[in-house]
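Student: show me how the following folds:
(6 chains)
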There are 4 protein chains.
Amino acid sequence: MSKSERTRQYIIEKTAPIFNTKGYEGTSLNDITQATGLTKGGIYGNFKNKDEIAIAVFEYNFERLLIMLNSEISKKKTYREKLLCFPELYLGFLGEKFPVGGCPIMNTAIEADDTHDKLKKVAKNALLKWIDSFVYLINKGKENGEFKAEINPEDKALIIISLIEGAIMITKVTGKTKYLKSLMTSLKVHIKDF
Amino acid sequence: MSKSERTRQYIIEKTAPIFNTKGYEGTSLNDITQATGLTKGGIYGNFKNKDEIAIAVFEYNFERLLIMLNSEISKKKTYREKLLCFPELYLGFLGEKFPVGGCPIMNTAIEADDTHDKLKKVAKNALLKWIDSFVYLINKGKENGEFKAEINPEDKALIIISLIEGAIMITKVTGKTKYLKSLMTSLKVHIKDF
Amino acid sequence: MSKSERTRQYIIEKTAPIFNTKGYEGTSLNDITQATGLTKGGIYGNFKNKDEIAIAVFEYNFERLLIMLNSEISKKKTYREKLLCFPELYLGFLGEKFPVGGCPIMNTAIEADDTHDKLKKVAKNALLKWIDSFVYLINKGKENGEFKAEINPEDKALIIISLIEGAIMITKVTGKTKYLKSLMTSLKVHIKDF
Amino acid sequence: MSKSERTRQYIIEKTAPIFNTKGYEGTSLNDITQATGLTKGGIYGNFKNKDEIAIAVFEYNFERLLIMLNSEISKKKTYREKLLCFPELYLGFLGEKFPVGGCPIMNTAIEADDTHDKLKKVAKNALLKWIDSFVYLINKGKENGEFKAEINPEDKALIIISLIEGAIMITKVTGKTKYLKSLMTSLKVHIKDF
DNA sequence: TATGAATGAGTCTTCATTCAT
DNA sequence: CATGAATGAAGACTCATTCAT
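Tutor: Next up is the predicted model:
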């Protein structure tokens, strides 16, 4: 990894929680210099502009989420157990482990949807990838007879994502973890019925 | 209605779609003066500051949503039909009728959650009110024997909201209405099973 | 007194302490409406602009000061005793009785001197009048043999005023009343030597 | 001296006469950009806010005054002569040499007294320092027998300052130098009697 | 590469003043 | 006379971005 690449990575890691908390508009170049200790010139030497940082940060946040999820999934043998990882994991976020700023996909999706085209595009790609990964797991489960033949993988993928994102959003706004528990329990029940 | 009240209302109506599209941070006073045709001084003669406008706009957007939903609900007789209004209505948003900027509750919730306390509070109250209204309908349905006795109203309310918000978010980001259709169909199936 | 005159007087009285505290620039039309309970239109119906209010207020503050001083002076018989009223009176301002905002002449003089011509003019006239009144008293004292023949009335008037204004200024900035005491005592000693 | 320090100093020097003339409230950021030729961003890159500029300017004005006074004082041998420098110097201000805007201590003291805490504090410190320096000189004069043993240094310091500030104020408001002459002559007489 | 000083358009907000009612 | 809604210029301050060093 060249020095340039290392600095880029360093900037991304240090600013990731800020972008996820304050959003794209809410995060200023000053926030970024403070978080990194670099000067403005230093930042601009490594990124063309704020957009580029935001996109890199989004991809980083998304990838980190994927890695964390996949590492849990790979521990499980059956596809039902793999899917059940998700409600379990998000239930585990109760308390301090809740990812700083919430779900990066939803945050970016909501903020960027009508304004920042580039960000919207990467959020869209991330979301589609996420849907696909659920579709893949469900299909695999259907193939080996774990899940009923009549279930539609995409329909179920969308339900899983909606319940997760709904749970995060409702919990963050209300501050009440009972909503997270309720929704993740419903999700489990739902998956057990696949 | 005094002139002052009329102007306030006028400002709210003209800026409501902007706030819902660009968000609180993204909406500038210049946007507001352009949308209303008033000068900055004129705006500040009617609102103490941008916060106050944002809150008034949120309440307006939320109320308008409620009114629209309630007018549909009141047409139906059974509680199951009343609940089924929601997927029907959101399905009807396919195309241009989709409310400008998406769901005000979710938008405000996501943007305000870590930064603007006042906005977060009103978003929280709106969300709780919405949950309550579903809980109320489901309880009524249980009382008159339409719904199974064992279903938990709050659990179901949360599922309904999550599927709706998930549908809006996914549809907006991806631009694909098939996701809205899929999720609203799933919601219908779910409600029929209450 | 016509209603118009009464309203003018009312506005002046209510805003006098504000102008003397916050100064001309620091006092806003909003301050004035709040203090009077009138609307902006109401204020402008009685005064052409802020300048006119400021001048009227200054004259009011100055006159009130003169009246208060004269009422004390008239109680005394000898001219030395009349002059000694001043250090006595200002010593009496120790604590809460200190006139709100300090000496109107000095305040206006300092703020207006390089910017507001009209205000500067009235401050100048007030100051000259004040000097004259001391000159008059000292001349009278000389005439009836109370004071030495060789003292120069104007020189002494200027010293009296300087010691008083210096005392007010130094006391206000430092917050220490010992400076007021010291200077007023010095002034007494000085007057006794006339 | 770094570039940053040079620019700070440049801003201070260019704005010092403006602040001393128009006061803190009366001096706008536009005044500052015009006087310096810098943009607003340029100013704010070197100072946190207007307060910080005002304080730096005050300290600069005060220091310059001190240096000028001290350079005169150091030329004299006896303490009486040192004290007599002051009336001489201020007499020398007749005409154009009168410091732009008057005495920074008094100006700041009067404007800041009821509003700007930070400025008031620096003005207070400056004033106390000035008093102390007179006390020091008078004590020295007493020690070596130049001045009478019974005079109180602080009392005399306050008188000197009051006569100087009174002279400046009265002269500025009335525009008549005869008042400056009269008061500085009185001050000389007074000091000769120490 | 990185620095840090500078830009200039932008932010929200307050100002004194006006005028139809 | 007084109201109160509106003006528009000005207020202090922050923004993302650039560039000589």
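
Student: would you confirm that residue A:16 contacts residue A:57?
Tutor: Yes. Judged on C-beta atoms under 8 Å, residue A:16 makes contact with residue A:57 at a distance of 5.0 Å. C-betas here are computed from N, CA, C, even on glycine.

Student: after the longest helix anywhere in chain A, which helix or strand is next?
Tutor: Using DSSP state H, we find that the single longest helix of chain A is helix A:117-143. Remark: after helix A:117-143, the chain's next helix or strand is helix A:153-174, criterion DSSP states H and E.

Student: any residue of the following helix or strand past that next one touching chain B?
Tutor: Downstream of helix A:153-174, the next assigned helix or strand under DSSP H and E is helix A:177-192. Yes. Residues of helix A:177-192 contacting chain B under C-beta under 8 Å from any C-beta of the partner chain: A:179, A:182, A:183, A:185, A:186.

Student: go ahead and confirm the fourth one touches residue A:90.
Tutor: When you say that, I think you mean residue A:185. No. Applying C-beta under 8 Å as the test, residue A:185 and residue A:90 come out as separate, 11.1 Å apart.

Student: which of those two has more residues huddled nearby?
Tutor: A direct count of neighbours by other C-beta atoms under 10 Å in any protein chain shown for residue A:185 and residue A:90 places residue A:90 higher, at 22 against 14.

Student: show me what contacts the residue nearest to residue A:38 when sequence neighbours are not counted?
Tutor: Leaving aside its chain neighbours, residue A:38 sits nearest to residue A:11 (7.0 Å; criterion: C-beta to C-beta, 6 or more residues apart in numbering or on different chains). By C-beta atoms under 8 Å, 6 or more residues apart in numbering or on different chains, residue A:11 lies in contact with A:32, A:36, A:38, A:43, A:46, A:47, A:53.

Student: what's the pLDDT at the residue located most distally from the centre of chain A?
Tutor: Here the centre of chain A is the reference, and by C-alpha atoms, centre = their mean the most remote residue is residue A:41, at 30.4 Å. Per-residue confidence (pLDDT) for residue A:41: 92.

Student: does it sit in a helix or strand, and which one?
Tutor: Element membership of residue A:41 [criterion: DSSP H and E] is helix A:40-46.

Student: and that helix, does that touch chain D?
Tutor: No. Against chain D, helix A:40-46 shows no contacts by C-beta under 8 Å from any C-beta, the least distance being 10.7 Å.

Student: list the buried residues for that helix?
Tutor: For helix A:40-46, the neighbour count (16 or more other C-beta atoms under 10 Å in any protein chain shown) marks A:43, A:46 as buried.

Student: same check on stretch A:45-58?
Tutor: Across stretch A:45-58, burial judged by 16+ other C-beta under 10 Å covers A:46, A:47, A:50, A:53, A:54, A:55, A:56, A:57, A:58.

Student: ok, of those residues, which one's closest to residue B:82?
Tutor: For the buried residues of stretch A:45-58, the residue nearest residue B:82 by C-beta to C-beta is residue A:58; the value is 39.7 Å.

Student: in three-state terms, label the closest one for me.
Tutor: Look at residue A:58: counting by DSSP: H, G, I helix; E, B strand; the rest coil, its state is helix.

Student: just checking, it touches residue A:122?
Tutor: Yes. Residue A:58 is within contact range of residue A:122, at 5.5 Å (criterion: C-beta under 8 Å).

Student: between those two, what contacts are shared?
Tutor: The contact sets of residue A:58 and residue A:122 overlap at residue A:108 (C-beta under 8 Å, 6+ apart).

Student: picking that back up, and the buried residues of stretch A:45-58 near chain B, which?
Tutor: Among those, chain B is touched by none when using C-beta under 8 Å from any C-beta.

Student: what's near enough to touch the closest residue in space to residue A:159 that isn't next to it in sequence?
Tutor: Nearest non-adjacent residue to residue A:159, counting by C-beta to C-beta, 6+ apart: residue B:186, 5.5 Å away. Going by C-beta under 8 Å, 6+ apart, residue B:186 touches A:155, A:158, A:159, B:163.

Student: quick one: least confident helix or strand in chain A?
Tutor: Least confident helix or strand of chain A, by mean pLDDT, DSSP states H and E, is helix A:104-112 with a mean of 85.

Student: follow-up on the earlier one: from residue A:112, how far out is the residue nearest to residue A:38?
Tutor: Look at residue A:11 and residue A:112: by C-beta to C-beta, to the nearest Å, they are 20 Å apart.

Student: over to residue A:24?
Tutor: Between residue A:24 and residue A:112 the distance is 7 Å, computed by C-beta to C-beta.
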